[in-house]
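> I'd like to go over a predicted model; first the sequence, then the structure.
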Amino acid sequence: MLRTRSGALPLDRVVLVGILNATPDSFSDGGVHLDPARAAAAAAEMVAAGARMLDVGAESTRPGAVPVPAEEERRRLLPVLRAVRDAVGVPISVDTTKADVARRALEAGADLVNDVSAGRFDPGMLPLCAASGVPVVLMHMQGTPATMQQDPRYTDVVTEVTEFLAERAQAAAEAGVAPDAIVLDPGIGFGKTVEHNCRLLRRLDLIAALGYPILVGVSRKGFFGGLLGGRGAEARLHGTAAAAALAVAGGARLLRVHDVGAMRDVVAVAEAVAGA
Ligand code: HH2
């Protein structure tokens with residue numbers, strides 16, 4: 001169970017987290033949700049389709065993306081976040097690595113922080129989450145978005161990611177974040193080859209064994225392109241479905257997705273089989 005200001009999120013069933021990027025350049029929905037009214041309508045549709053949480057971000061972290069200054073991130077994010085907050089009642093996470101942006105987002109109605117740097121890029125992030133009493137998603141990434149896909153290397157990707165996440169959970173706890181407010185994420189596609197992503201999905205059980213809820217984001221990601229002959233983001237739905245089902249089988253409790261309606265079916269079947 002994750003406790004948020006917009007209510008509790010029981011994790012006995014997998015939580016579908018709908019993605020809303022208030023960015024001009026996200027790899028799959030860039031430009032679509034920059035407009036607050038359109039973002040609010042998309043948010044309501046995702047909730048109607050089965051999303052029990054939404055993730056709103058304003059800085060693309062796709063491979064090669066350059067960082068966005070905090071002021072620009074706030075300028076894109078806050079109007080969209082306020083409109084989405086007015087449109088839906090489900091918990092909303094803010095996808096940012098900057099404490100100042102997170103603080104403003106929490107004031108504007110966000111309920112959780114989703115930090116793809118796991119609190120490493122801004123020393124103020126974990127203390128902010130602790131002081132605000134909000135849950136935080138801590139994700140693994142090798143390098144930074146600008147360079148992470150140039151030559152990712154691991155001796156043993158599963159062990160290294162698991163040890164990293166254990167260390168970051170400890171750092172969050174030391175900063176004062178409640179243990180039941182910590183969510184871990186292997187960071188599919190963040191400084192990883194196709195093989196690294198597959199290994200992590202295959203052995204998600206080892207990360208889940210750390211005892212924290214696991215969030216997985218595979219939706220439309222580049223490694224499906226790699227596995228499916230260079231397929232573009234718009235043609236990765238079935239690849240996403242396969243990986244989402246296997247993530248559920250491996251113990252993922254939250255799935256960050258663009259295609260909520262389709263993934264609702266995938267999750268319903270995957271959960272039934274995994275629990276049989
Ligand atoms: N993936 C993306 C962004 N944020 N957060 C978590 N916790 N886990 C993920 O796997 C994850 C994430 C990248 O996807 P997207 O938001 O669709 O694209 P972009 O970064 O280009 O905005």
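Cool, the structure landed.
> give the helix, strand or coil label for residue 68.
Following DSSP: H, G, I helix; E, B strand; the rest coil, we place residue 68 in the coil state.
> which ones are touching the closest residue to the ligand within the chain?
Across the chain, the shortest distance to the ligand (C-beta to the nearest ligand atom) belongs to residue 217, at 2.3 Å. All C-beta atoms are positioned from the backbone trio N, CA, C, and that covers glycine. Going by C-beta atoms under 8 Å, 6 or more residues apart in numbering, residue 217 touches 185, 187, 188, 189, 255, 256, 257.
> again with residue 226
The contact partners of residue 226, by C-beta under 8 Å, 6+ apart, come to residue 194.
> please apply the same query to residue 196.
152, 154, 157 are the contacts of residue 196 under C-beta under 8 Å, 6+ apart.
> quick check, stretch 38-56 touching the ligand?
No: on the criterion C-beta under 6 Å from any ligand atom, stretch 38-56 is out of touch with the ligand, staying 6.8 Å away.
> what's in contact with that stretch?
Applying C-beta under 8 Å, 6+ apart, the contact partners of stretch 38-56 are 9, 15-22, 32-33, 77, 80-81, 83-84, 86-95, 105, 110, 112, 114, 254, 256, 260-261, 263-264.
> so how do I select the buried members of these in PyMOL?
One line in PyMOL is enough to select the buried ones among the contacts of stretch 38-56; burial here means 16 or more other C-beta atoms under 10 Å:
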select buried, resi 9+15+16+17+18+19+20+21+22+32+33+77+80+81+83+84+87+88+90+91+92+93+94+95+105+110+112+114+254+256+260+263+264
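> how about the helices in the stretch 51-200 of the chain?
Counting by DSSP state H, counting those that start in this stretch, the stretch 51-200 of the chain has these helices, from start to end: 70-87, 99-107, 125-132, 157-175, 194-202.
> from the contacts of residue 217, which are also near the ligand?
By C-beta under 6 Å from any ligand atom, the members of the contacts of residue 217 lying near the ligand are 185, 187, 188, 256.
> rebuild those residues as TSV, extending it with pLDDT.
As requested, these are exported to TSV (pLDDT from 0 to 100):
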residue	pLDDT
185	99
187	98
188	98
256	98
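> among these, which two are most distant?
Comparing all pairs in those by C-beta to C-beta, the longest separation belongs to 187 and 256, at 11.1 Å.
> pull the longest strand from the protein.
Of all segments of type strand in the chain, defined using DSSP state E, the longest is strand 15-21.
> would that one count as contacting the ligand?
Yes: Strand 15-21 is in contact with the ligand by C-beta under 6 Å from any ligand atom, via 19, 21.
> after that strand, which helix or strand is next?
helix 36-49 (DSSP states H and E).
> would you mark the buried spots in that following helix?
If you call a residue buried by 16+ other C-beta under 10 Å, then helix 36-49 has these buried ones: 36, 39, 40, 42, 43, 46, 47.
> determine the angle, from 0 to 180 degrees, between that helix and strand 15-21.
Angle of helix 36-49 versus strand 15-21, following axes from the mean of the first three to the mean of the last three C-alpha atoms, to 10 degrees, is 160 degrees.
> can you show me the CA trace of helix 36-49 as CSV?
Output of helix 36-49 as CSV, limited to C-alpha atoms (Å, rounded to 0.1, in the frame of the first residue of the first chain):
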residue,chain,number,x,y,z
PRO,A,36,-3.1,22.2,-20.3
ALA,A,37,-6.6,21.5,-21.7
ARG,A,38,-5.5,18.7,-23.9
ALA,A,39,-3.4,17.2,-21.1
ALA,A,40,-6.4,17.3,-18.8
ALA,A,41,-8.6,15.6,-21.3
ALA,A,42,-6.0,12.9,-21.9
ALA,A,43,-5.6,12.5,-18.1
ALA,A,44,-9.4,11.9,-17.7
GLU,A,45,-9.3,9.4,-20.6
MET,A,46,-6.5,7.5,-19.0
VAL,A,47,-8.2,7.3,-15.7
ALA,A,48,-11.5,6.2,-17.4
ALA,A,49,-9.4,3.5,-19.2
